[in-house]
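[1] sequence unavailable; structure follows:
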């Protein structure tokens, strides 16, 4: 089975890859978005496609965390997951065009809220 091009992308750290959604005043779950949110373009909505591993945790060993000691790094995982619909601050996002499609790379701290289908 061939990989899609988006599968080739690796998201690092506390960042997520978001595909922007079309302008709507209401989410699938019934969440009403604030009036004028799109006109101001301060916030944006979209679906999370990929997530980074999270926040790196310091090593308990002596030495510096960035030194290669052969051990796998440990991470504090993110709260968001692929498939979540995210409302995020556009000023903290980096716009990316990949294979003719528009995406945003967003740090988790710029995500205001997510809507998840299942808990």
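    Structure received. What you see is a predicted model; the values in this text were computed from it and never measured.

[2] where's the spatially most central residue of the chain, which helix or strand?
    Compute the mean C-alpha point of the chain, and by CA atoms, centre = their mean the closest residue is residue 16, 2.1 Å away. Assessed by DSSP states H and E, residue 16 sits inside strand 15-20.

[3] what is that strand packed up against?
    If contacts are counted by 3 or more CB pairs under 8 Å, 6 or more residues apart in numbering; DSSP states H and E, strand 15-20 sits against strand 43-51, strand 85-89, strand 101-107. In this view, the C-beta of every residue, glycine as well, is placed from N, C-alpha and C.

[4] mind listing the helices in the protein by residue range?
    Taking DSSP state H to define them, one finds helices in the chain at 37-40.

[5] so where's it uncertain?
    Across the chain, the ranges flagged by pLDDT under 70 are 1-4, 23-29, 32-41, 59-70, 119.

[6] is it true that residue 12 touches residue 52?
    Yes. Using CB atoms under 8 Å, residue 12 is in contact with residue 52, at 5.0 Å.

[7] the two: which is more packed in?
    Between residue 12 and residue 52, counting by other CB atoms under 10 Å, residue 52 is the more crowded of the two (19 against 8).
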